[in-house]
Structure formats: C-alpha cells, structure tokens
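Asker: Fold the stuff below for me.
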Amino acid sequence: MVLTLVEHEDGEVDDVSLQTLALARDVAEQSGESLDAIAFGSDAEAIAEAVGAHGVETLQIVDDDALADYAPEAYGRAVAQCAEELGTEAVIAPGTDRGAETLAHAAAKLDVTMAAEVTAVEVGDAYELTRQRWGGTLIEHSKLTADTNVLTVAANEVSASETDGGAAAVEAFAPDVDDGDLRVRLAEVEESDVEGVPLGEARVVVSGGRGTDGDFSELEELVERVPNAALGSSRAAVNEGWRPHDDQIGQTGAKIAPEIYIPCGISGAVQHMVGCKGAENILAINTDPEAAIIQKADYAVIADLHEVAPAIAEELEARGHAE
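Answerer: Numbers count the residues shown, from 1 in each chain. Modelled structure (predicted):
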C-alpha cells in the first residue's frame with residue numbers, strides 16, 4: 001500500500017497535494033498496491049470525495065484534540081505509526097513546507113532516508129527517482145531502497161489528474177503521541193494584509209528589483225491595468241525594505257508559474273530564477289544588456305523601467321484593457 005499525506009483547508013484539498021496524489025497513484029499502480037491517504041483535523045472527512053476522485057481508496061483521518069494545531073514532530077510520528085500499522089511500501093507527501101517537515105520527522109522515526117523534491121518514480125528492485133536539486137537548477141537521477149520508501153513531490157512539477165473513482169472510504173486513525181512530540185506547535189497564524197491576486201495564482205506577474213530604486217508606483221499602476229495580475233519583487237528589494245516578504249519571488253520566496261512574467265530592474269540571480277522558472281514566457285526590462293535575466297528571457301527591453309512600465313500601462317489603457 002502507498003500512503004499519501006494530504007493537506008487541506010475549508011474542505012478543499014491543497015493543489016500540491018492533488019499533484020502529489022497523481023505521482024503517488026502512479027507509484028501504486030507500478031507496485032500493484034492500493035493508494036491510501038492520511039489527513040489531519042476534525043474536518044478532514046469533507047475531502048473524502050475529492051481524494052477519491054484522484055484515486056484514493058481509503059482516507060485515514062487523524063482527529064485528535066492534541067493535534068488540532070500543527071505540531072511537526074507529532075504529525076511525523078502519526079504518519080510513521082500509520083505507515084507501520086498499514087504496512088506501507090511508500091509514504092509520499094507534497095513538497096510544501098509543512099509536508100516536507102512532517103515527512104522528515106516521519107522518516108527519522110521510521111529510521112529511513114527521505115528523498116525530497118521528486119518529479120518521477122520508476123518502481124523496480126529499487127525506486128529510481130528523478131528529483132530536483134539546488135532549487136531546481138539541477139536534475140538528479142538516483143535510487144532509493146528502504147523497507148518504506150519516503151519521499152516528497154516537487155510542487156508544480158506533476159500535473160494533477162482525476163480518475164473515475166468515487167468517494168474514498170473513511171477510517172479513523174488514533175496515533176500514540178506524547179508531550180515530547182508537542183514541544184513545537186503552531187501557536188498563531190498571522191494573515192497577510194496583501195490584497196489582490198496571490199502570486200502563485202496570477203496569470204501575469206510584474207516584479208521589481210534593485211533597479212526600481214524603491215519606487216514601485218509605475219509597476220503598481222501596470223498591475224492595475226492587467227486582469228489577473230500580481231506584483232512581486234526580488235529579494236534585494238525586500239532586503240532594502242521596499243516591499244514585504246510576501247512579494248518576494250525566488251528560492252526563499254514564492255514560486256510562480258504565470259503565462260507571462262515581467263521582471264523590471266532585476267539582475268536575474270540563480271536564486272530568483274528558481275522562483276520564476278515555471279513562467280511560460282519572460283519579458284525582462286533592464287538597462288543592462290549583459291544582465292543574467294536578459295540572457296534567460298524570451299523577450300527583453302533594454303531601457304529604463306520607469307519609462308517602459310508607464311508606456312505599457314498607457315498602451316493597455318488605450319486598447320481598452322484598463323479595469
């Protein structure tokens with residue numbers, strides 16, 4: 001049996017979890033095994049139909065008051081205990097911060113190696129993995145052999161797909177956790193006050209870097225002119241205090257996959273390119289023709305962003321695209 005950790009909120013399964021189920025289902029089919037899922041929370045039963053549509057046969061629900069708030073070590077112990085009780089061949093989790101942290105604890109408790117950022121698996125005597133390294137700048141082919149193969153799936157690298165399955169059967173799983181497992185817990189969630197389209201969901205992303213000199217007004221105006229657009233920034237702009245961390249695109253920020261990405265005054269460091277490599281097209285605006293971002297862009301404008309961005313906004317408004 002293959003066990004998959006599923007993240008959810010308000011009755012909706014996280015997109016990366018759905019992508020993870022697609023890879024996990026492939027692993028289960030190659031192994032001739034069934035696909036189960038494990039989810040935490042009193043409202044987890046609400047996702048039974050959704051995960052069933054993605055191939056899950058049984059949904060294991062952990063509904064424990066002690067685990068009402070996220071506690072990585074306790075979650076990891078619960079996943080490990082469930083895997084041992086069910087006799088799983090593999091445990092697979094989404095490559096989110098929480099998924100990776102939970103599975104790292106689970107792997108430690110199972111005393112096995114965890115493989116992170118996997119994009120494909122060929123099942124044989126060993127699991128032959130394709131996975132991302134160094135933020136996706138290197139693709140590694142490796143083998144994983146363990147009594148229980150533990151891995152996370154790289155976000156936005158596997159396409160989610162439904163099957164003809166009905167709602168998953170629901171079973172309660174009660175882990176045996178102690179106070180030591182709860183020494184680190186989520187105490188508070190601070191909601192971002194950023195309005196508009198989230199970076200990860202925007203079809204168009206405009207961002208600014210050090211070349212803005214801290215003035216994002218023209219970029220903000222351009223974003224207002226484009227439907228389903230969002231404003232981002234480089235790490236340099238965040239470090240300067242010009243933009244909040246929520247706007248940061250890169251290895252330590254948001255990962256985006258828009259139809260078009262428009263970086264303005266951004267050099268194009270490797271760490272930044274990790275965050276925007278999912279973009280279908282890149283239109284770079286920069287005064288430096290030798291900037292790394294220009295070499296990696298599909299289209300480029302060698303000019304001052306403070307002149308180009310307003311010109312684009314004016315042209316869009318003239319064509320009737322203004323909101």
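Asker: partners of the longest strand belonging to the chain, with directions?
Answerer: Under DSSP state E, the strand in the chain containing the largest number of residues is strand 114-123. If you go by DSSP bridges, strand 114-123 pairs up with strand 127-133 (antiparallel), strand 149-153 (parallel).
Asker: and Tyr75, which of the ones you listed is closest to it?
Answerer: strand 149-153 (13.8 Å; CB to CB). For the C-beta atoms, the positions are set from N, CA and C on the backbone; glycine is no exception.
Asker: Not counting its own residues, what contacts that closest one?
Answerer: Contacts with strand 149-153, where a contact means CB atoms under 8 Å, 6 or more residues apart in numbering, come from 16, 19-20, 23-24, 89-95, 99-100, 103, 106-107, 110, 112-119, 121, 127, 129, 131, 144.
Asker: how does it look with 6 Å?
Answerer: Residues from elsewhere that reach strand 149-153 (CB atoms under 6 Å, 6 or more residues apart in numbering): 20, 23, 90-95, 99-100, 103, 107, 112, 114-116, 118, 127.
Asker: Mind giving me the PyMOL command for buried ones among the residues you listed?
Answerer: Per 16 or more other CB atoms under 10 Å, the buried members of the contacts of strand 149-153 correspond to this PyMOL selection:
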select buried, resi 20+23+90+91+92+93+94+95+99+100+103+107+112+114+115+116+118+127
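Asker: Wasn't Val223 part of a strand?
Answerer: No. The assignment for Val223 by DSSP: H, G, I helix; E, B strand; the rest coil gives helix, which leaves it out of any strand.
Asker: Ramachandran coordinates for Asn239?
Answerer: For Asn239, the backbone dihedrals (degrees, to the nearest 10) come out as phi -60, psi -30.
Asker: ok now do it, which residues does it touch?
Answerer: Neighbours of Asn239 in contact, by CB under 6 Å, 6+ apart: none.
Asker: on that earlier part again, for the record, mean pLDDT for the longest strand of the chain?
Answerer: On average, the pLDDT along strand 114-123 is 96.
Asker: Lowest mean pLDDT across the strands paired with strand 114-123, which one is that?
Answerer: strand 127-133 (a mean of 94).
Asker: Show me which residues of it are buried.
Answerer: Using 16+ other CB under 10 Å as the test for burial, strand 127-133 gives 127, 129-132.
Asker: likewise stretch 44-63?
Answerer: 44-45, 47-48, 50-56, 58-63.
Asker: Where strands are concerned, which of those count?
Answerer: With strands defined by DSSP E, the entries of the buried residues of stretch 44-63 inside them are 58-62.
Asker: Now distance to Leu35 too, for the buried residues of strand 127-133, in a markdown table please.
Answerer: Converted to a markdown table, the buried residues of strand 127-133 look like this (distance: CB to CB, whole Å):
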| residue | distance to Leu35 |
| --- | --- |
| Tyr127 | 16 |
| Leu129 | 18 |
| Thr130 | 20 |
| Arg131 | 21 |
| Gln132 | 23 |
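Asker: Pull the most distant pair out of those residues.
Answerer: Taking CB to CB, no two of the buried residues of strand 127-133 sit farther apart than Tyr127 and Gln132, at 15.9 Å.
Asker: hang on, Pro258 packs against Arg203?
Answerer: Yes. Pro258 lies in contact with Arg203 (CB atoms under 6 Å); the separation is 5.5 Å.
Asker: higher neighbour count, those two?
Answerer: Higher neighbour count among Pro258 and Arg203: Pro258, with 25 against 15, using other CB atoms under 10 Å.
Asker: and that one, what helix or strand is that in?
Answerer: For Pro258, there is no host helix or strand (DSSP states H and E).
Asker: how about the nearest residue to it, chain neighbours excluded?
Answerer: Spatially, and ignoring its direct neighbours in sequence, Pro258 is nearest to Val205 (4.5 Å; CB to CB, 6 or more residues apart in numbering).
Asker: could you say what helices and strands the host helix or strand of the one you found packs with?
Answerer: In this structure, Val205 sits in strand 204-208 according to DSSP H and E. Under the contact definition 3 or more CB pairs under 6 Å, 6 or more residues apart in numbering; DSSP states H and E, strand 204-208 sits against helix 217-225, strand 229-233, strand 260-264.
Asker: who does that strand pair up with?
Answerer: Here, using DSSP bridges, strand 204-208 pairs with strand 229-233 (parallel), strand 260-264 (parallel).
Asker: Rebuild those as CSV, extending it with distance to Ala74, mean pLDDT and mean neighbour count.
Answerer: CSV is the format used below for those (distance: least, CB to CB, whole Å; pLDDT from 0 to 100; neighbours: other CB atoms under 10 Å):
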stretch, distance to Ala74, mean pLDDT, mean neighbour count
strand 229-233, 35, 96, 26
strand 260-264, 39, 97, 27
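Asker: could I get the ones you listed as JSON lines with distance to Glu157?
Answerer: As requested, those are exported to JSON lines (distance: least, CB to CB, whole Å):
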{"stretch": "strand 229-233", "distance to Glu157": "20"}
{"stretch": "strand 260-264", "distance to Glu157": "17"}
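Asker: Sounds good, over and out.
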